[in-house]
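**Student:** this is a predicted model, with the sequence first.
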Amino acid sequence: MAVDTVPPGGWKEQRRAARVSFDRAIALRRSPVSIRAGMLPWVPFWMALGIGGWFSIPFEPGVWLYSGMVLVAVVMLALLLRLGRLASTGRIGWSVVDQLRILCLAVLLIVMGGGLAGLRSHLVAAPILDFRYYGPVEGRVIKIDRSARDRLRLTLDQVVLDDVRPDRLPERVRISLFQPDPLPIPGQRVMLTAHLGPPPGPAEPGGFDFRRMAWFERLGAIGYSRNVVMTVEPARSGGALALHRLRMRLSAAIADSIGGQAGAVSAAMMTGDRSGIAEKTNEVMRASNLYHIVSISGLHMSMLAGFVYATLRVIGTAILGLLGRGSGRVHKFAAVCALFAAAFYLWLSGGDVATTRSFIMVAVMLVAIIADRRAISLRTVAVAAIVILALTPEALLSAGFQMSFAATVALVLVSGPWQRVSSKWPFWLKPIAMLLLSSLVASMATSPLAAAHFGRIAHYGILANLLVVPVIGILVMPMGAIAAVLGLIGLEGAPLWFMGLGTRWMLSIAEYISSLHGATTLLPRPPNSVVPLLGVGACLMFLGAVQALKASKRLEMTRRALGVACVIAALTIWVIDERPTILISADGDAVGIMTDQGRSISKPKGGAFVVAEWLEADGDSATQESAAARPAWSGPNNARTAIIRTPAGVRKIHHITGASAPGMVDKLCVENAVIVSSEVLSKKINNSNECVIIDSSGDLIELWLIDLSNYLTSEIQLMRN
């Protein structure tokens, strides 16, 4: 006869032990990452916060700050590992653990983002020329491009400068050519006489800092040459530059076959070589909001990879259908081939940062297809962003990175509704409608960023993109891919003709749109806080919720409301911001005063690049000559005088230049006067009641240390290299 036995401690204790064991088993399953769903898209967001924070610091963080960042990261990592154990013992509920994990992970990723930016900055460190140099320059040509002033430029490495120690030699220099013929080829070692100087800083406080971009490109000096480029040593066979020369020959072949600016633009879209595009063409492309097509981006890479993938999948499915077999894994084979095609296009286009970023995005999507994952999702976009930010944190600040990911995220968000609607449409209408929709969505997503970075709104840009982008996707990029294949047997003529036809259509639309009345509106440069606020606000509004926090509807509503507030704050700051009344160039060769007619420049010549930056930041289309004709300044060309009225009274500003400038100081230096000169002036300020002297000497007296009226202290903006 069976006898029931009572377990030690009783049945109640047994059930409690079983429940604890079950909870521990669940804990083991949840402990790695209990909040996986919805978390991945937020990883690059938190990394970006750390990277942006590092770049916002006005000085290089020292060892103490980096040590503090490491300490915070260790503490957050330890908490992540410890929280699971606390939950498994029942001390903390799993809902609280999930929220604490999100907080710890966010802080960890923010700190990691800042650390990656600092590490990258130290890894690319290279000497920078810290003085003005004129003399012979010798180096190897590694890049040929065209400047904004429509001049060809050479980028040299292995640089040799006369009487400059090897440890002070820049790793790379960039030289604009006034005499581009004969033009060298990449890999040649050349010599020329050039003017060189350190990369310039911002034209005004808070302006675009070219030095930062030059630092990460290891560009230690820039300059120009009016002399002929002489070849010292021919290009060596083999190596990476041999592939670069092959790419340049392909570019020249495409440009010559198509001809004109259409050929130059076609070559740029296929090889990334924009040296043949005239600045006039660039300007009409900007005015019509089509300039992004000239620059190889995710649009080109996705169009090419999509064409290869779709073509091979259709052909493979048709062949297997004729053989009486199922489609099988044709889509994976097509994705692999598209991945190789994208990699070839990456090489063909030169493999710069923007193109590499586009390749990573497309490659992640193709790998998702191969791994039977969703190709179009925020997860794949997030993986691409994580890889790019980890390898090149400085890309976060570039317009290309921001606009490409804004467009991609917007397309992903509309892909779900599009699939539900398009399933009822005829098959022949879907590709055309998809191209039109993608053009519209991408244009709307990138327009605010384009306006902030480039200071203009192309009012007919959406129309131009709707007319052009489908042609690029249906005709230009497919014909370029076909030409690349048929070029192996010498039959590239026909596809290049069709490619040129599509490119000419694009240029004709760009010229027509740019010629329309009111095609563009110039905008003043926004404060530096506007773009970060727009980005943070958009992410808070549109990124999906973390799975562990979905139960809190109030938290979700708060997140989205905060995003809306960030966007409104950014636009408000932009609208109410006022441009500086007075701007002084770093070299003292230009002074600009804001008037009712716009900024009036002290001289029609001098400081051309800086003045152009000022006017562009003002949202002013005037040239320096026309801006100098505006009322404000009077007197001879070497001694210009302007009178401004302030709450403290009338003040005179004198801009003196040339060899006679030092002799004018005694006459002009009266109380409350401000003297600006491009020369070194011997007379210095004796007390706060005398004039303020701003010259080009190294011991410049900073304005905020001088007892001026609050008006002048806040309004005069001065930048020094």
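**Tutor:** Ah, there it is.

**Student:** list the buried ones in whichever helix or strand residue 340 is part of?
**Tutor:** Using DSSP states H and E, residue 340 sits in helix 330-348. Going by neighbour count (16 or more other C-beta atoms under 10 Å), the buried part of helix 330-348 is 330-331, 334-339, 341-342, 345-346, 348. Any C-beta I mention is one placed from the backbone N, CA and C, and that applies to glycine too.

**Student:** just to be sure, residue 206 is in a helix?
**Tutor:** No - according to DSSP: H, G, I helix; E, B strand; the rest coil, residue 206 belongs to no helix; its state is coil.

**Student:** thought it was touching residue 529?
**Tutor:** No - contact criterion C-beta atoms under 8 Å: residue 206 and residue 529 do not qualify, at 9.6 Å.

**Student:** any low-confidence regions in the stretch 301-450 of the chain?
**Tutor:** By pLDDT under 70, the weakly predicted segments of the stretch 301-450 of the chain are 324-328, 349-354, 375.

**Student:** where do the helices sit along it?
**Tutor:** With DSSP state H, counting those that start in this stretch as the criterion, the stretch 301-450 of the chain has helices at 330-348, 353-370, 378-391, 399-422, 430-454.

**Student:** the stretch 1-150 of the chain now?
**Tutor:** Using DSSP H, counting those that start in this stretch, helices in the stretch 1-150 of the chain cover 10-30, 43-56, 63-88, 94-123.

**Student:** just put these in TSV and tack on mean pLDDT.
**Tutor:** Below are those laid out as TSV (pLDDT from 0 to 100):
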stretch	mean pLDDT
helix 10-30	50
helix 43-56	92
helix 63-88	83
helix 94-123	86
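
**Student:** winner for burial among those helices?
**Tutor:** Comparing these by mean neighbour count (mean count of other C-beta atoms under 10 Å), helix 43-56 ranks first with a mean of 21.

**Student:** just the angle between it and helix 63-88, please?
**Tutor:** 160 degrees (axes from the mean of the first three to the mean of the last three C-alpha atoms, to 10 degrees).

**Student:** surely residue 106 meets residue 46?
**Tutor:** Yes - assessed by C-beta under 8 Å, residue 106 is found in contact with residue 46 at 4.9 Å.

**Student:** all the helices of the stretch 501-650 of the chain, in order from the start?
**Tutor:** Ranges of helices in the stretch 501-650 of the chain, per DSSP H, counting those that start in this stretch, are 530-542, 553-576, 608-618, 624-628.

**Student:** tabulate these in JSON lines, adding columns for mean neighbour count.
**Tutor:** Converted to JSON lines, the helices of the stretch 501-650 of the chain look like this (neighbours: other C-beta atoms under 10 Å):
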{"stretch": "helix 530-542", "mean neighbour count": "19"}
{"stretch": "helix 553-576", "mean neighbour count": "14"}
{"stretch": "helix 608-618", "mean neighbour count": "21"}
{"stretch": "helix 624-628", "mean neighbour count": "19"}
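
**Student:** of these, which approaches residue 440 most closely?
**Tutor:** helix 530-542 (16.9 Å; C-beta to C-beta).

**Student:** could you list the low-confidence segments of the stretch 501-650 of the chain?
**Tutor:** The stretch 501-650 of the chain contains residues with pLDDT under 70 at 544-552, 646-649.

**Student:** one more time with 50
**Tutor:** 548, 551 (pLDDT under 50).

**Student:** circling back: just list what the helix holding residue 340 packs against, helices and strands only.
**Tutor:** Contact here means 3 or more C-beta pairs under 8 Å, 6 or more residues apart in numbering; DSSP states H and E; on that basis helix 330-348 packs against helix 240-258, helix 298-322, helix 353-370, helix 477-486.

**Student:** again, only using 6 Å
**Tutor:** helix 298-322, helix 353-370 (3 or more C-beta pairs under 6 Å, 6 or more residues apart in numbering; DSSP states H and E).

**Student:** how far is that helix from where the chain is centred?
**Tutor:** Here helix 330-348 is found 26 Å from its chain centre; the criterion is C-alpha atoms, centre = their mean, to the nearest Å.
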